[in-house]
Each structure stands twice: as structure tokens, then as C-alpha cells.
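Student: Based on what follows, work out the 3D shape:
(chains A, B, C, D, E and F)
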Protein chains: 4
Amino acid sequence: MVRRMIDAGRLVLERDGYANFSTNRVAEAAGTSPGSLYQYFRDKDDLLTVILDQYWDEAAQRVEASLADRLSDSPDQMVRNVVNALLLALEQDSQLLHVAVEAIPQQRLQSRHQALRRRVQDLVSTYLNLLLRSSGRNASTRAWVIVVSMEGLAVRWVLDRPDISREELVEELTALVENYIGALIPEA
Amino acid sequence: MVRRMIDAGRLVLERDGYANFSTNRVAEAAGTSPGSLYQYFRDKDDLLTVILDQYWDEAAQRVEASLADRLSDSPDQMVRNVVNALLLALEQDSQLLHVAVEAIPQQRLQSRHQALRRRVQDLVSTYLNLLLRSSGRNASTRAWVIVVSMEGLAVRWVLDRPDISREELVEELTALVENYIGALIPEA
Amino acid sequence: MVRRMIDAGRLVLERDGYANFSTNRVAEAAGTSPGSLYQYFRDKDDLLTVILDQYWDEAAQRVEASLADRLSDSPDQMVRNVVNALLLALEQDSQLLHVAVEAIPQQRLQSRHQALRRRVQDLVSTYLNLLLRSSGRNASTRAWVIVVSMEGLAVRWVLDRPDISREELVEELTALVENYIGALIPEA
Amino acid sequence: MVRRMIDAGRLVLERDGYANFSTNRVAEAAGTSPGSLYQYFRDKDDLLTVILDQYWDEAAQRVEASLADRLSDSPDQMVRNVVNALLLALEQDSQLLHVAVEAIPQQRLQSRHQALRRRVQDLVSTYLNLLLRSSGRNASTRAWVIVVSMEGLAVRWVLDRPDISREELVEELTALVENYIGALIPEA
DNA sequence: TATGAATGAGACTTCATTCAT
DNA sequence: CATGAATGAAGTCTCATTCAT
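Tutor: Numbering: from 1, shown residues only, chains lettered A, B, ... in the order given. As a prediction, this is how the structure comes out:
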């Protein structure tokens, strides 16, 4: 039943947009009554938070799933794989991606998204430190630059559908990152 | 009078956020009545569109103003200057930037934003063609990558205020772009 | 229009009781729409407060009106007149009296009532001091006893309609007060 | 189980007030489910009625208990005792007293209260007849005046806590009643 | 043209009550 | 008997929009 409501809320969000994400409409879509919603969620925002948190978790899982068996690749392959996995993950549900990144007027509802971004950033930062053997002074900054730019590019590509194929994009983003990290990467 | 309403709307948006952007409040801030609003704007969204369009135009103007007298610099200086100008422009009114990129539930209202992005992208594309003397085959793609990533990074830096100084950020973004364009840029 | 809503609210309160005093019903009774109510009253409680304040003011006015030309009577006549005036005043609108004293679950809404009671108590206290030439030590206590008992008796008589005529009641209450004040009252 | 629910209802009434006296909350406080409530009570009002009836019965019992062994006192002592007992009884649970006399929007629920008042009134009436050896013509009226005024004064004193000590109040109320009954009372 | 009172649909939420288990 | 999830009517309040003045 919780699942029914989450699915219904997701449906409404995808089909009608955040502006029409009303408790009545969600209840109708779930085939229940508006009151039932409040048996499982504190209020409307609570449901929304759950839906979005779940969305980001799923996206993260999809990325991880795409990467699971490729961790031993060369740095170049690895970057390429991560970028590809990111695009694949965000492509899965672009309607909800749109809602999640553009149509939610309250960013406090996006805490899980923020947390994920930070976690990824830490991973990248750690990786850079290993790779570059340099002091961590600006590894963190570079990690931020990489994570934010990759996410932004992936999101915009999925949502705006510019005339760029995925293969082409993967090439470019890979180049962007690798050239940024620079000559420091040992040649594979 | 149109100006009064636009300014009032902007004030409300900055001060109270999109959630409290109501016609009554705008009219009050403008010192007029809600009815008058409908003599100059089709509806509430129309006013919002005008405000946001104006915001993006101003941002574009600010970028251009910062660059007007530096077009003859070396490519490296030029990239640096553009990045710096972009950050300065977006910093001007981060409240409204927040509303414009995060708090508006309907992206169709952002057509001017899209148009601006495309115009800049075309400029960059042209520039890349000149610089690289290469076929335009993927200059357009590269321009898209550069424009989208720069905008995304600048926006997030202004809105999230990560622990990165402007100087540091300018360095990193400049490096990101220059290394992306690659060895093709003649050394300054 | 404010008046229309106050009257409508009063009607609903008298006809349907506090339990059915809903904004929708008041609007309907006023021949307006629910939204209009909020142009003149902060919320439902605000309207209720205005109605009750007005009720108590009217009751006070009726008491005063009944007394205006009889201030020169003997103490005995005066007590009799006050008691009679009180009964007459509360009889005017027993439906609303019922709501005002029994059916309002929030006593904070009754601030005007409390204020009136205190004002009357002060008057009585002053009067007792004049009459008894005694120290004010317990004139205040006695005033409280008199005011509270008279109000309580008058209210219950109006609301419960026991088998007691008004004349009889006036006699008894007059006796109650006079004997309480005691032999100290100079015989008229 | 009935007792569990009555006690829970009472707790809710005292702790949260009538405004929060919901079946869900009562059930929770009783450690049962809302459905069970309807196995023992027709509806919410029915439970409320039972609680209030019980409250008034207890209050009456407390008054009687305070008086049980003092029936042979002088009339003066007796009045004093009754008044004192009444105050003590109502003081026991002023939270519930508040709910019972001020916060319940439907007086029909107070039938037991009315019945108690009538019973006491009859006792007083009988007593007055014995004492005054007068015709019963207005003994009943006088009993009404005495009972209603005493109850009203006691309730207001408990709920409003005016700056009057219990001793002082007992003195005054005793004086009020005795002087009302008048010279007819044989001196003690 | 400007006004601003009036509108009324619709939002979120509560809660007494029911009924299948 | 007991449960407690489900119900859904109804409540309060907001606000974009209209229209008579």
C-alpha cells in the first residue's frame, strides 16, 4: 500500500508534473482515498521526499550496477565506463529526472541527492589522491569540478536532448575529464 | 507601470521566494492592485516569464560588459576572462538565480534562458572553428559541452557556496576548458 | 459586507450551534463565497471573536440603557433595577447567550466578556466602599461574589428556564444581594 | 475494558483538552484500537457522556463524603461545611471541571449534571421547609437560587483562581446563604 | 485606465466511523 | 471480540482571476 502510493505519486509526477502533484490526484491514481495517504506519510512533502530519495537511490544503484564488474579497467576505460553508466542511469526515467532537478521548488527536499553527490565527490577525491600522489590540497576542489560538471552535462543531455549521440558524448566527457586530470594519468 | 510591476515581482521573488510569489503580494509591493496586473500581463506566468527573461538578459549583458574591452587577449586570457565574467554576472543576484534555476516548476518559462545558451554556444562554436581550423563536425558538440559545463559549475558554485575561492575556481575552470580544447590552442 | 458576515455568523451560531459554525455555512448564509470571509477576518476565530465581543457589548449597552434614568433611586431600588436590567439584557438573545457561555470551547475568545465582568466588578467594589465606609479590604471580594453570583443566576435562569417568574426572581436576587451586604445598608 | 477507555478518555480530556479529544487519541491512550471503542460506546459522544456523568457523580460523592459525619451540626456549621465540601470536591480535578462546564459545545451531554443539580436542589428545598416551617411556596425558588449561586461561585473560583483564599471564600459564601435565608435561621 | 472587492475552485488535512480479517 | 487499515465527507484557508465601478 505504501508502494501503491509511491507508485501513484511517481505516476502523477511524471504524467502531470509537480504543479499538479496534489494529494487528491495521487489518491485517485492510487485507487485510494486522500485520507489513506496520511496513514503512511506525515504530509504531502513526506511522500514527495520518499519518492525523490528513492529515485536518487535507484539512479545510484543503476550506476553502481553498470560498474560492478569493470573496476579493474585502465583509468581511461574507467572514466569512460562511469560516464556511460551515469548517462544510462539518468536516461531511465527522464520524466522524473526533470521533476527531481528542475521542478521541485524546495531544495531541502533534495537532501538525499545532496548526500549522494557528496559521497561521489569523496570517492572521486580519494581516487584522485591515489592517482596523482599529490597532496590533497586541491583534490577536493578538482573532485567537485568533475562531479558537478559531469552531473550537469549528463542531466542537460538527457533533458534537452541536444543533437549529440551517446557515444559521441561519452567520448567528449571522457576527454574533458582526462585532459583535466591531465598528463598526470599514467598512460594505460 | 510595467516596470513597477516587474520590479515588484522581482522583489517578491528575491525576498519571499517563488512559493510566495502571489499576484496579491506583487500588486502590494508595486503599490497597485491585483487587477492592474492583468492589464499588462496575460496572467501570472506571463509576468514571471518577463521577469526571468529580463534576468537572463541582464546576466548576458553583464558577461558581455565584462568582456567588451578584452577581446584581443590571448586565448588563455580570454577563457579566464569569460569564466571570471560569468561568475561575476551570476553572483550579482544569487537570490534570483536560485529562483531562476531551481525554484521554478515549469521549464517552459525558461525559453529565453535556452535561447541565450544557444547563442553563446554558437559563438563558442564559431570561435572553436576559427581556432582549430578543423571541420565543424564536432565543434558544435564541444561548444555545447563547454557552455553547459561552465554554466552548471558557475551556478552551483554561486548557489552552493562550496569551500572554493573564486580565484581557485577560475583557475580550475580555465584549466578544464583549455585542456579540453587541448593541444590545439597555440601556447600564449 | 462585514455586517453581512457578522449577521450570517450570528444566524448560524444561533440556528445551528457552535458545532456547525463552519466557514462554508457562514458564507452560504451570508450569500457570499467562503473566500470573501477572509477579506475581512483573519480566520474563523477572528469572526467568532468579533461576534461574541459585539454580543457582550450589546448586552452591556442594554443593561446601561435600562439603568440610565434611575440612578437616583434608593439602594434597594437600585439593586432591583440592576438585577432586572441584567435579566432583560440576557433574555434578548438566549440562543447566542447559550453559545457565548456554554458552547465556546476556547475561553481566550471571551476576553471581552472577562473585561466587562471586571469592569462591573470594579464599579460594584467602588460602590460598596462608598456605601459601607469600610476599608476596601474585602469590598473587592464581596464585589466578586456579587457579580459572579448574579451573572451565574441570570444566565442559568435564562438558559434553563426554571419555573420562576421574573418578578419572583428579581425579588429573590435583590434579597440575596441586600442581605449579603447586610445591615450596613442605610434603610431607604 | 470499558473502564480502560473511560480512563483513557478522561486522560485525554484533562491532558489535551476537548479540542484534541479524538477517538484515535483515546484509543491510543487506552492501548487499544479505535474500532474497539465502538463495541462499548455508540459513538464518541456516548463515551464523552459517560465520562462526564461519572465526573459529576464523583463530585457529588466527594461532597457527600465530606458531609457524612457532620449532619448534626448547627445550621451555620452545616452551611459552612457544605460550601467547603463543594470547593474541595470541585478542586479535585479542575482540568476536567473546565472541560465539563466550559469546553463542551453541547449541553445536552450534561443531563447528569442537570439531574444532580435538581437532586441537590430538592434536598435543599426540603431542608428549607423543615427549617423555616413555612409553606413550600418559594422554598423551591430559594433552593434554586442557593444551589445555582453556590455552584456558579465555586466553579468560577476554581477555574479563574481570583485572589481570594478558600477560608475567605467560605466565609463569604456562608454569609451569603445565611443572610439570604435570613433571620429565620435560629441562632446557633 | 485603474481599482479592489468578490469569487470559487481546489489545496491540504483531520477524524469519526466501518468492516474484513 | 478485537483489530486497525481504509474511508471520504467535511473543514479551513489560499489565490489567480474577473468585473462593476
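
Student: Quick one: residues in contact with the helix or strand residue A:37 falls within.
Tutor: For residue A:37, the host element (DSSP states H and E) is helix A:34-40. Helix A:34-40 has contacts (Cβ atoms under 8 Å, 6 or more residues apart in numbering or on different chains) with A:1-2, A:5, A:23-24, A:26-27, A:30, A:44, A:47. Every residue, glycine included, has its C-beta placed from N, CA and C.

Student: swap the cut-off to 7 Å and go again
Tutor: Contact partners of helix A:34-40, identified using Cβ atoms under 7 Å, 6 or more residues apart in numbering or on different chains, comprise A:1-2, A:5, A:23-24, A:26-27, A:47.

Student: quick one: low-confidence ranges for chain A?
Tutor: Applying pLDDT under 70 to chain A flags the ranges A:68-72, A:134-137, A:183-188.

Student: near chain D, which residues of it show up?
Tutor: Not one residue of chain A sits near chain D, judged by Cβ under 7 Å from any Cβ of the partner chain.

Student: Just give me the longest helix of chain A.
Tutor: Of all segments of type helix in chain A, defined using DSSP state H, the longest is helix A:44-67.

Student: is DNA strand E contacted by it?
Tutor: Yes. Using Cβ under 7 Å from any atom of the strand, helix A:44-67 reaches DNA strand E at A:44-45.

Student: how about that helix: buried residues?
Tutor: Neighbour counts over helix A:44-67 (16 or more other Cβ atoms under 10 Å in any protein chain shown) mark A:47-53, A:55-56, A:59-60, A:62-63, A:66-67 as buried.

Student: how near is the closest residue to residue A:125 other than its chain neighbours to residue C:76?
Tutor: Nearest residue to residue A:125 in three dimensions, chain neighbours excluded: residue A:143, at 3.8 Å (Cβ to Cβ, 6 or more residues apart in numbering or on different chains). When distance is defined by Cβ to Cβ, to the nearest Å, residue A:143 is 95 Å away from residue C:76.

Student: Please tell me how far residue A:2 sits from chain B.
Tutor: Noted for residue A:2: a distance of 25 Å to chain B, by Cβ to the nearest Cβ, to the nearest Å.

Student: Kindly report the same for residue A:157.
Tutor: 8 Å.

Student: Just the helices from chain A, written as ranges.
Tutor: Using DSSP H, helices in chain A cover A:2-16, A:23-30, A:34-40, A:44-67, A:75-91, A:94-102, A:111-132, A:139-160, A:166-181.

Student: Which one of those helices lies nearest to residue B:169?
Tutor: Set against residue B:169 and scored by Cβ to Cβ, those come closest in helix A:139-160, at 7.7 Å.

Student: for that closest one, which positions count as buried?
Tutor: A:139-159.

Student: rewinding a little: out of the contacts of helix A:34-40, give me the two with the largest separation.
Tutor: Going by Cβ to Cβ, the pair spanning the contacts of helix A:34-40 furthest: A:2 and A:24, at 18.5 Å.

Student: What residue in chain A comes nearest to DNA strand F?
Tutor: residue A:35 (1.5 Å; Cβ to the nearest atom of the strand).

Student: circling back to that earlier point, only alpha carbons, please: show the longest helix of chain A as PDB.
Tutor: Extracted C-alpha coordinates of helix A:44-67, given in PDB (Å, rounded to 0.1, in the frame of the first residue of the first chain):
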ATOM      1  CA  LYS A  44       2.500  15.700   1.100                       C
ATOM      2  CA  ASP A  45       6.100  16.700   1.300                       C
ATOM      3  CA  ASP A  46       6.900  13.500   3.100                       C
ATOM      4  CA  LEU A  47       5.600  11.400   0.200                       C
ATOM      5  CA  LEU A  48       7.500  13.600  -2.200                       C
ATOM      6  CA  THR A  49      10.700  13.200  -0.300                       C
ATOM      7  CA  VAL A  50      10.300   9.500  -0.200                       C
ATOM      8  CA  ILE A  51       9.700   9.400  -4.000                       C
ATOM      9  CA  LEU A  52      12.700  11.500  -4.700                       C
ATOM     10  CA  ASP A  53      15.000   9.800  -2.300                       C
ATOM     11  CA  GLN A  54      14.000   6.500  -3.900                       C
ATOM     12  CA  TYR A  55      14.600   8.000  -7.300                       C
ATOM     13  CA  TRP A  56      18.200   9.000  -6.500                       C
ATOM     14  CA  ASP A  57      18.900   5.800  -4.700                       C
ATOM     15  CA  GLU A  58      17.800   3.900  -7.800                       C
ATOM     16  CA  ALA A  59      19.900   6.100 -10.000                       C
ATOM     17  CA  ALA A  60      22.900   5.500  -7.800                       C
ATOM     18  CA  GLN A  61      22.200   1.700  -7.900                       C
ATOM     19  CA  ARG A  62      22.000   1.800 -11.600                       C
ATOM     20  CA  VAL A  63      25.300   3.500 -11.800                       C
ATOM     21  CA  GLU A  64      26.900   1.000  -9.400                       C
ATOM     22  CA  ALA A  65      25.400  -1.900 -11.200                       C
ATOM     23  CA  SER A  66      26.900  -0.700 -14.500                       C
ATOM     24  CA  LEU A  67      30.200  -0.500 -12.900                       C
END
